[in-house]
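1. Please work out how this folds:
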Amino acid sequence: MRKSLVIIPTYNEAENIEQMIAAIMQLKQPFDLLVIDDNSPDGTANLTKALLSTHKDRLFLIVRPTKEGLGPAYLEAFRWALDRDYDYIFEMDADFSHNPMDLINLQKELINNKTDVVIGSRYVRGIQVVNWPLSRILLSYFASLYVRIITGLPVKDTTAGFVGYNKQVLQSIDQNQIRFSGYAFQIELKFKAWINGFRLKEIPIVFTDRVRGFSKMNSSIVSEAIFGILLMKIKSWYAK
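-> Below you'll find the model as predicted:
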């Protein structure tokens, strides 16, 4: 049987992590779960650690020494997953902005439709976002539009963080060449998968803004995405 792993990077998600673990463990289809925590001062890792014995061989924890950003956390988790020969590897947030039930649909796309990268998309069927202010919706939507124009990437939700990968996609990416550490990391992975010839597909989800905890979005993350994408595209020309 092919193995699926969900990766959730955390920083100060004590208000959400226990409920998220329970929700994933209760899904009809089996998913293992790796929580990779950037040494959260609120005790997120300790709450996860207390549940390891309850979900033995399905729940795992990595605690990183410092907060380094989304990209480095995911890259470490990808190495961990590939070393253990997981076939399908999923990214999602801890705050329930991504519905755990949607993991089943993402998994089906990878298994049944011969898709290499499946994206839980907020924008493939209109705009499906709940509880975001209009300013945040416009920023996210037009950021994705900007990325499509600059890169040619055929994805409407380029910054989506709810993504499933066939292991061959992650094996093909040279982690030493990953430039971004914030939310632009999500764009970079999709772009590299696309230029490497893998098949990307978006399926609609409803994205609901977090009700507990605090967003990690800040101006430096936005700047990285805006100004780094153009350079990423230019470098891709020279890599061919």
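
2. contacts and neighbour counts: CA atoms only from here.
-> OK.

3. which other residues reach stretch 132-146?
-> With CA atoms under 8 Å, 6 or more residues apart in numbering as the test, stretch 132-146 has contacts from Tyr123, Val129, Lys156, Asp157, Thr158, Thr159, Thr208, Asp209, Ile226.

4. quick one: average confidence on it?
-> What stretch 132-146 shows for mean pLDDT is 85.

5. buried ones in that stretch?
-> Within stretch 132-146, the residues that count as buried by 16 or more other CA atoms under 10 Å are Ile137, Ser140, Tyr141, Ala143, Ser144, Leu145, Tyr146.

6. And stretch 66-78, by the same measure?
-> For stretch 66-78, using 16+ other CA under 10 Å, the buried residues are Gly69, Leu70, Gly71, Pro72, Ala73, Tyr74, Leu75, Ala77, Phe78.

7. Run the chain-centre distance for stretch 124-144.
-> In terms of CA atoms, centre = their mean, to the nearest Å, the centre of stretch 124-144 is found 17 Å from the chain centre.

8. Quote the end-to-end distance of it.
-> 11 Å (CA to CA, to the nearest Å).

9. Equivalent analysis for stretch 152-170, please.
-> End-to-end for stretch 152-170, by CA to CA: 21 Å.

10. what distance separates that stretch from the middle of the whole chain?
-> Distance, centroid of stretch 152-170 to centroid of chain: 9 Å (CA atoms, centre = their mean).

11. So which residues of this structure form strands?
-> Applying DSSP state E to the chain gives strands spanning 4-10, 32-37, 59-63, 88-91, 117-121, 129-130, 163-166, 200-204, 207-208.

12. Which elements pack onto the second one?
-> Judged by 3 or more CA pairs under 8 Å, 6 or more residues apart in numbering; DSSP states H and E, strand 32-37 is in contact with strand 4-10, helix 17-25, helix 44-49, strand 59-63, helix 70-83.

13. List the contacts of Met92.
-> Val6, Ile7, Ile8, Pro9, His98, Gly161, Phe162, Val163.

14. buried subset of these?
-> Val6, Ile7, Ile8, Pro9, His98, Gly161, Phe162, Val163.

15. picking up where we left off before, just send the strands of the chain back as TSV, with distance to Ile104 too.
-> Below are the strands of the chain laid out as TSV (distance: least, CA to CA, whole Å):
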stretch	distance to Ile104
strand 4-10	10
strand 32-37	13
strand 59-63	18
strand 88-91	11
strand 117-121	11
strand 129-130	20
strand 163-166	11
strand 200-204	12
strand 207-208	16
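
16. before we move on, back to that, mind putting the helices and strands packed on strand 32-37 into TSV with distance to Arg199 and mean pLDDT?
-> Putting those into TSV (distance: least, CA to CA, whole Å; pLDDT from 0 to 100) gives the following:
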stretch	distance to Arg199	mean pLDDT
strand 4-10	19	97
helix 17-25	26	97
helix 44-49	34	98
strand 59-63	29	98
helix 70-83	19	96
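
17. Columns distance to Asp32 on top of the ones you listed, output as a markdown table?
-> Listed next are those as a markdown table, based on distance: least, CA to CA, whole Å:
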| stretch | distance to Asp32 |
| --- | --- |
| strand 4-10 | 5 |
| helix 17-25 | 8 |
| helix 44-49 | 14 |
| strand 59-63 | 6 |
| helix 70-83 | 10 |
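
18. Thanks a lot, see you next time.
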